[in-house]
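Chemist: Pasting the sequence and the predicted coordinates here, then a few questions.
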Amino acid sequence: MPTVTVTTTTTPAPEQADGGPCDRGDLVVNMSAAKNVYAGAERPEFRVTVVSTGEGSCAFDTGALDVRVTSGADRVWSSTKCRRGDAPKATLRRGIPYVDDVVWDRRRDCKGAVRARPGTYVATLKGVKAKKLVFSLR
């Protein structure tokens, strides 16, 4: 009589945020841009990456990432102020980056029809120690 062998395969459950909210001291945040001069109708795009160095996983509020564009003392635009809808929550695991591409439509404020004039601008991440980006609109 033949023998029957049964093999059981299990799929691990998705990892849950076991550490609660992320500890700011465990986060490495960076902002970069592919270019620093934008001509014509080109829209400046900033890549924000967040990596946790903490043990386990943690819950991260992506709404805390606020890219601000300024010209001198003038705040021209804020990604948080101009966001549509709620910012998503993300579960960060050690060493695996969360990436967000933020695009500025070159408008002053959110609903304004006034476009930013050619000149030099600075993009920063509010409340986070990350390198500021100096760029030009032409």
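Modeler: Thanks, I have it. Numbers count the residues shown, from 1 in each chain.

Chemist: Show me where this structure has its strands.
Modeler: Ranges of strands in the chain, per DSSP state E, are 27-32, 37-38, 45-52, 57-61, 67-71, 74-78, 89-93, 98-103, 119-125, 133-137.

Chemist: by contact count, what packs against the first one?
Modeler: Right, the one you point to is strand 27-32. strand 45-52, strand 119-125 (3 or more Cβ pairs under 8 Å, 6 or more residues apart in numbering; DSSP states H and E). In this view, the C-beta of every residue, glycine as well, is placed from N, C-alpha and C.

Chemist: what's the last one packed up against?
Modeler: Contact here means 3+ Cβ pairs under 8 Å, 6+ apart; on that basis strand 119-125 packs against strand 27-32, strand 67-71, strand 133-137.

Chemist: could you dump the ones you listed to CSV with mean neighbour count, mean pLDDT and distance to Ala90?
Modeler: Below are these laid out as CSV (neighbours: other Cβ atoms under 10 Å; pLDDT from 0 to 100; distance: least, Cβ to Cβ, whole Å):
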stretch, mean neighbour count, mean pLDDT, distance to Ala90
strand 27-32, 16, 96, 11
strand 67-71, 19, 96, 16
strand 133-137, 16, 97, 23
